[in-house]
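**Q** what's the 3D shape of this:
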Amino acid sequence: MLADLLASIKKWLGLTDRGEEKIKRPVLKKLNFLIILAAAGIFLIVLANTFAGSGSTSADRLITGQPAVHVEPPTLKNNSSEITKLENTLAERLEEVLAQVNGVGLVQVTVNLASTTQKDYAVNTTTNNKNTQERDPKGGNRTITETNQNGQMVMARGNQAGGEAPVVVKEIKPEVKGVIVVAEGADDLLVKADLMKAVQVYLDLPLYKVIVLPKEGR
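**A** Sure, this is the predicted structure:
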């Protein structure tokens, strides 16, 4: 093979037997040496590429299928109307509590929420793994791991006869941006302090999110 490659290079350079006679012997000797080196290098490259892929082993991981399914709960969307409804409900509860404070008089509460109540629902997740051995065209072996994940919401019997409801594993209270309290007795510093403390404890808020103002006309 090397001899054939050497002959091809000589032919490409135009070095036929008749052409070699016209070149001086020292120059011809050096030229032949360079041609042999070039031919040997090309031969080694071809040989390396031929045997590079044989006997190789690789492992691939292929993940398909759906991840754990997150099913939307059958509740109202987190929109402005739902937030407004929660704000009004929370304000009414606070008014009932604050009205019991000594010396408060008439009281009105406004609550500003950033979001509605967030709920996390229980989901059953199943994972299936499938390993496949394959042989590539170069003779090597590789292992393909296929992973399939599926999720299904856990349902339990609800209050209604025959009805089912998703199982809640965690419930996050809505974030409160701030609370404004307007009360007749808020011009009294002690009453004002009691109102602020009551709102802070009831909603677990820092004091800077609570404002208490005296009601006009007292």
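
**Q** mind saving the C-alpha coords of stretch 210-218 as PDB?
**A** What follows is stretch 210-218, C-alpha atoms only, in PDB (Å, rounded to 0.1, in the frame of the first residue of the first chain):
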ATOM      1  CA  VAL A 210     -49.900  49.400  59.400                       C
ATOM      2  CA  ILE A 211     -51.400  52.900  59.500                       C
ATOM      3  CA  VAL A 212     -54.000  54.000  62.100                       C
ATOM      4  CA  LEU A 213     -55.800  57.300  61.600                       C
ATOM      5  CA  PRO A 214     -58.500  59.200  63.600                       C
ATOM      6  CA  LYS A 215     -61.900  59.300  62.100                       C
ATOM      7  CA  GLU A 216     -63.000  62.700  60.900                       C
ATOM      8  CA  GLY A 217     -65.800  64.500  62.700                       C
ATOM      9  CA  ARG A 218     -65.200  63.300  66.200                       C
END
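
**Q** got a list of contacts for it?
**A** The contact list for stretch 210-218 (Cβ atoms under 8 Å, 6 or more residues apart in numbering) reads 105-108, 178-187, 192, 195-196, 199-200. Glycine gets a C-beta too; all of them are placed from N, C-alpha and C.

**Q** 6 Å - rerun?
**A** 179-184, 186-187, 192, 195-196, 199-200 (Cβ atoms under 6 Å, 6 or more residues apart in numbering).

**Q** Those residues in helices, which ones?
**A** 192, 195-196, 199-200 (DSSP state H).

**Q** ok, back up a step: what about burial for the contacts of stretch 210-218, which qualify?
**A** Using 16 or more other Cβ atoms under 10 Å as the burial test, those include 179, 181-184, 186, 192, 195-196, 199 as buried.

**Q** Between those residues, which sits nearest Lys209?
**A** Comparing these against Lys209 with Cβ to Cβ places Val179 closest, at 6.6 Å.

**Q** Which SSE is immediately downstream of the lowest-mean-pLDDT helix or strand in the chain?
**A** Within the chain, no helix or strand scores below strand 57-63, which has a mean of 44 by mean pLDDT, DSSP states H and E. Using DSSP states H and E, the helix or strand that follows strand 57-63 in sequence is helix 80-98.

**Q** average pLDDT for the one helix or strand Ile36 maps to?
**A** Element membership for Ile36 (DSSP H and E) is helix 25-51. Helix 25-51 comes out with an average pLDDT of 64.

**Q** what does the domain assignment say about this protein?
**A** Structural domains annotated on the chain: 2-52, 80-119+171-214, as defined by automatic domain parsing.

**Q** which SS class is Gly105?
**A** Under the three-state scheme (DSSP: H, G, I helix; E, B strand; the rest coil), Gly105 adopts coil.

**Q** Dihedrals phi and psi, it?
**A** Note on Gly105: its backbone torsions stand at phi 70, psi -150 [degrees, to the nearest 10].

**Q** wait, doesn't it sit right on Asp188?
**A** No. Judged on Cβ atoms under 6 Å, Gly105 makes no contact with Asp188 at a distance of 9.9 Å.
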